[in-house]
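1. Give the three-dimensional model of this entry:
(2 chains, ligands or ions: 1)
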Amino acid sequence: MNQSPNLNSFREGPDEDGRFGIFGGRFVAETLMPLILDLQEEWNKAKTDPAFQAELKDLGAHYIGRPSPLYYAERLTQHLGGAKIYFKREELNHTGSHKINNCIGQILLAKRMGKTRIIAETGAGQHGVASATVAARFGLPCVVYMGATDVERQAPNVFRMKLLGAEVKPVTAGSGTLKDAMNEALRDWVTNVDDTYYLIGTAAGPHPYPELVRDFQSVIGTEAREQILAAEGRLPDMVIAAVGGGSNAIGIFHPFLDDKDVQIVGVEAGGRGLEGEEHCASLTAGSPGVLHGNRTYLLQDEDGQIKEGHSISAGLDYPGIGPEHAWLHDIGRAEYVPIMDDEALEAFQLLTRLEGIIPALEPSHAIAEVIKRAPKMGKDQIILMNLSGRGDKDIFTVGKILGMEL
Amino acid sequence: MTARMDKRFADLAAEGRPALVTYFMGGDPDYASSLEIMKALPKAGSDVIELGMPFSDPMADGPAIQVAGQRALKAGQTLAKTIQMARDFRREDDATPIVMMGYYNPIYIYGVERFLDDAVEAGIDGLIVVDLPPEMDDELCIPALARGINFIRLATPTTDEKRLPAVLKNTSGFVYYVSMNGITGSALPDPSLIGDAVGRIKAHTRLPVCVGFGVKTAEHARAIGASADGVVVGTTIVNQIASSLTADGKASAATVPGVETLVRSLASGVRASRLAAAE
Ligand SMILES: Cc1ncc(COP(=O)(O)O)c(C=O)c1O
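-> As a prediction, this is how the structure comes out:
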């Protein structure tokens, strides 16, 4: 039951119960079960509907700006003196990150299902902005739940969402961060079941969300695979991405999972170090548990209470991870490593100076891992990294840490 | 097998009145006070006890129960202590059924087999685990039933005719009809709609059907009890406890008596329901 039909493929999951091995599933209140079953049915139809795929493609090309470029980072490559480094430039997308790929896909689903109200959760505000954007584009009201702590530290994105016509609801429950925002969005959903579509922002939550978010984000890896073949005539040796809930990472990983010689590396937020509690490295330092509709690796105590994570980057500040990553970790197909706040900050500055690209703090974690790995690899080897977002939203955070007045 | 639960509902059926099912959060505001509250419930007229297991992320609960869970966790409550609370209660009362209610993760981390062993030994009669729908029955429901512990399922307004049989399939003890789509602590919907929904469920099962979400007063309890086999009250009790606490969140001399007074009043509601039904 847990086995994919094709034993030689890593790309066939989840099974019909939404499982990736022991991970995933549908751990939701009864009120929500009929809703996620409806969503699954609609998704199954949409997947194979040429009209749906055509609309997705058209909006991808003309609204998001796809395909995003594959960029050879020549100066960073020279600086590190090892493997050739390529960036998949998701930060050039409309709204500045990969989040829009998923939002466009899901709002088309919402429209198909006749839903008239959009809700979303957000941490850094990137998914909130992308949700508010597509809601504006499709003329639907949108409510974004955001932890009160995050509302304060991500003020520019809060303003963007409001400009786009969304209502931002600060969540004070719990500690006022992303996991609390997700709880509150789920509470809204169980209350407004008839008209509301819950637009989840990462490859987590109850089945079918991890699958459908992955499929909408897989455009990243599908394009990158073609682009690198065109540029180099071969596949990369390594694919690297930052992992919060895991959507940009699974998006670039998935099309490469069956390419046995491609090494896959996910980068978690190591925060201030794994010894204490101030990190978000659920795979490296957490354990399997059940939260927000799925079984996955979580930061939790011995009583099964969920802990608050910490990361310099609000977008990685989540105590869980998408179930497919938990599975890829356990079966060993992908490797997951932590990067600390200060390493990410250094990478952020290095990339800005060397390539003239201000990255978001989330992919700065991936860059920091590239900085560690590339020098140890041969000049004939290739690293492909997902540059998932741009850093405009982070300049205030970085400025504060570097002691600059903005 | 589930003797206490079955006997309680059989006795109430013979009496011709609905059950009063009372929820409180284990360990709120502290272990000792919470145990006193638990002991006071049947004395004040509660027929079935729902013992809340605190969880850091109670996705189906409103603010009152969220905060109660945080108070309990802050005071050091754990799943082991919540089971211990049932054990302590059973020394004095071997007749009132206890249903533990909460979320799956603490049980999963405790270990399903170990949890069920300890629950049986502590005298627990049933479980309500909000985030385990029928699709997830292999996790806990089936092993619980194998030990003779009731697995009580929630049915909601979104549970349509097509889905109801699946929801009822492995349900035992009673069916908990959540009277509206929403979180705990919301407003009470129209009792006549509830009556229709209870009738719809009863057409599919011989289990007692208890109704909860939004019951605040004796009058609500009476009205709902006219069509249901039981009336569940939670948030109102949790709010009563919260309102009795000192400024720094500690129990006061009014904490236990306040719950007693409230439950006695609610109990008069379900008892009046019998008179109404007999007319
Ligand atoms: C630019 C960027 N990258 C990565 C993430 C992390 O999310 P995920 O792991 O779902 O890609 C975020 C989340 O806000 C983000 O804004």
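
2. low pLDDT regions in the chain?
-> Here I'm looking at chain A. Of all residues in chain A, those with pLDDT under 70 make up the ranges A:1-7.

3. that answer is for a different chain, and I need it for chain B
-> In the predicted model, chain B carries pLDDT under 70 at residues B:1-2, B:274-279.

4. Now do the buried residues in the helix or strand where residue A:230 lies.
-> Per DSSP states H and E, residue A:230 falls inside helix A:219-232. Buried positions in helix A:219-232, judged by neighbour count with 16 or more other C-beta atoms under 10 Å in any protein chain shown: A:219, A:220, A:221, A:222, A:223, A:224, A:225, A:227, A:228. Just so you know, the C-beta spots here come from the backbone N, C-alpha and C atoms, and that holds for glycine as well.

5. Could you export those as a markdown table, including distance to chain B?
-> Shown next, in a markdown table, are the buried residues of helix A:219-232 (distance: C-beta to the nearest C-beta, whole Å):
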| residue | distance to chain B |
| --- | --- |
| A:219 | 30 |
| A:220 | 30 |
| A:221 | 30 |
| A:222 | 31 |
| A:223 | 35 |
| A:224 | 35 |
| A:225 | 35 |
| A:227 | 40 |
| A:228 | 40 |
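
6. Name the SS class of the one residue sitting closest to the centre of chain B, please.
-> For chain B, the residue nearest the mean C-alpha position is residue B:50 (3.3 Å; C-alpha atoms, centre = their mean). Under the three-state scheme (DSSP: H, G, I helix; E, B strand; the rest coil), residue B:50 adopts strand.

7. quick one, what contacts it?
-> B:21, B:22, B:23, B:24, B:99, B:100, B:101, B:128, B:232, B:234 (C-beta atoms under 8 Å, 6 or more residues apart in numbering or on different chains).

8. and the helix holding residue A:230, C-alpha only, in CSV?
-> The C-alpha trace of helix A:219-232 is given here as CSV (Å, rounded to 0.1, in the frame of the first residue of the first chain):
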residue,chain,number,x,y,z
VAL,A,219,7.5,23.6,-13.4
ILE,A,220,10.7,24.8,-11.8
GLY,A,221,12.6,21.5,-12.1
THR,A,222,11.0,20.6,-15.4
GLU,A,223,12.2,23.9,-17.0
ALA,A,224,15.6,23.7,-15.3
ARG,A,225,16.2,20.2,-16.5
GLU,A,226,15.6,21.2,-20.1
GLN,A,227,17.6,24.4,-19.7
ILE,A,228,20.7,22.7,-18.3
LEU,A,229,20.6,20.0,-21.0
ALA,A,230,20.5,22.8,-23.5
ALA,A,231,23.3,24.8,-21.8
GLU,A,232,25.6,21.9,-20.9
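
9. Can you give the strand pairings for the following helix or strand past it, parallel or anti for each?
-> Where DSSP H and E defines the elements, the next helix or strand beyond helix A:219-232 is strand A:238-242. Strand A:238-242 has its sheet partners listed here by DSSP bridges as strand A:263-271 (parallel), strand A:382-387 (parallel).

10. what comes into contact with the last one?
-> It refers to strand A:382-387. Residues from elsewhere that reach strand A:382-387 (C-beta under 8 Å, 6+ apart): A:70, A:83-91, A:98, A:220, A:224, A:228, A:232, A:234-242, A:248-249, A:251-252, A:357, A:359, A:363, A:366-367, A:370, A:373-374, A:377.

11. The same query, at a cut-off of 7 Å, please.
-> Applying C-beta atoms under 7 Å, 6 or more residues apart in numbering or on different chains, the contact partners of strand A:382-387 are A:83-91, A:220, A:224, A:228, A:232, A:236-241, A:248-249, A:252, A:359, A:363, A:366, A:370, A:373-374.

12. Show me just the buried residues among these.
-> Those of the contacts of strand A:382-387 that meet the buried threshold are A:83-91, A:220, A:224, A:228, A:236-241, A:248-249, A:252, A:359, A:363, A:366, A:370, A:373-374, by 16+ other C-beta under 10 Å.

13. Residue B:97 and residue B:7 touch, don't they?
-> No: using C-beta atoms under 7 Å, residue B:97 is not in contact with residue B:7, being 8.6 Å away.

14. Name the residue in those two with the higher neighbour count.
-> Between residue B:97 and residue B:7, counted using other C-beta atoms under 10 Å in any protein chain shown, residue B:97 has the larger neighbour count: 25 against 12.

15. Tell me which residues touch that one, please.
-> Shown in contact with residue B:97 (C-beta under 7 Å, 6+ apart): B:4, B:5, B:8, B:48, B:125, B:126.

16. what's the answer for residue B:24, then?
-> By C-beta under 7 Å, 6+ apart, residue B:24 lies in contact with B:37, B:38, B:52, B:237, B:238, B:241.

17. can you list these in TSV and add distance to chain A?
-> Shown next, in TSV, are these (distance: C-beta to the nearest C-beta, whole Å):
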residue	distance to chain A
B:37	21
B:38	20
B:52	14
B:237	20
B:238	15
B:241	19
